[in-house]
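Novice: Structure for this input, please:
(2 chains)
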Amino acid sequence: AQKVTQAQTEISVVEKEDVTLDCVYETRDTTYYLFWYKQPPSGELVFLIRRNSFDEQNEISGRYSWNFQKSTSSFNFTITASQVVDSAVYFCALSEANQGAQKLVFGQGTRLTINP
Amino acid sequence: DVKVTQSSRYLVKRTGEKVFLECVQDMDHENMFWYRQDPGLGLRLIYFSYDVKMKEKGDIPEGYSVSREKKERFSLILESASTNQTSMYLCASSLRQGNNSPLHFGNGTRLTVT
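Specialist: This next block holds a predicted model:
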């Protein structure tokens, strides 16, 4: 069965610090997709990144970077030089290729607070 | 930009009432989903639909039903609301292209059942 674990319930850092959000997943499928979503106080989840299981290249987008390691079943998210606007709940999610209509399984979420 | 609109931001209902949560998307997406979000549990899939009049159970369908009469609209129905259905409900939509199309979410409906 598929499962996503975000062990960090809450993280609080001071602005400009770097912060890493952990995500560990379980799946029996060899083809799967991993996602990160951001949920600001407004409530709407915003898509950040998608990765497929055959692409282990790390990705950087501005201050955001993602480290995908199949050997440890992890897909961690790092924010460099954090800003107050990064404060949100972040969700990691997994979908398996053999699941119809893209059923996502979400982790529990990590509430990130960036203090000025 | 895709817009997913949920009809109510906050809703308070009494135990035993029939409750309708409405969701409309404007980008002609085939797939639509209803999740509920609870602290410490993340998002859990209630029902989803990949076409008009089609529906599939998610992980926690008990106590809920859905309706999709038109492509743009997906309704979640609580036949007889109970206090354990107090939660944040999130609607989402996506294109049918395999399993890698991002979900687009609405702002959520916070339902309180008293």
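Novice: Look up the closest residue to A:Asn52, ignoring the ones flanking it.
Specialist: Distances taken as Cβ to Cβ, 6 or more residues apart in numbering or on different chains put A:Tyr33 closest to A:Asn52, at 5.3 Å, once the chain neighbours are dropped. (C-beta placed from N, C-alpha, C; glycine too.)
Novice: Run through the residues that contact the one you found.
Specialist: Neighbouring residues of A:Tyr33 by Cβ atoms under 8 Å, 6 or more residues apart in numbering or on different chains: A:Arg50, A:Arg51, A:Asn52, A:Ser53, A:Leu94, A:Ser95, A:Ala97, B:Asn99, B:Asn100.
Novice: what sits against the closest residue in space to B:Cys91 that isn't next to it in sequence?
Specialist: Nearest residue to B:Cys91, sequence neighbours excluded (Cβ to Cβ, 6+ apart): B:Cys23, at 3.4 Å. By Cβ under 8 Å, 6+ apart, the residues touching B:Cys23 are B:Val4, B:Thr5, B:Gln6, B:Ser7, B:Met32, B:Trp34, B:Arg73, B:Phe74, B:Ser75, B:Leu76, B:Cys91, B:Gly106.
Novice: And for B:Arg44?
Specialist: With the criterion set at Cβ under 8 Å, 6+ apart, B:Arg44 makes contact with A:Phe106, B:Tyr35, B:Arg36, B:Gln37, B:Asp38, B:Gly58, B:Asp59, B:Ile60.
Novice: how about a cut-off of 6 Å?
Specialist: Residues in contact with B:Arg44 (Cβ atoms under 6 Å, 6 or more residues apart in numbering or on different chains) are B:Arg36, B:Asp59, B:Ile60.
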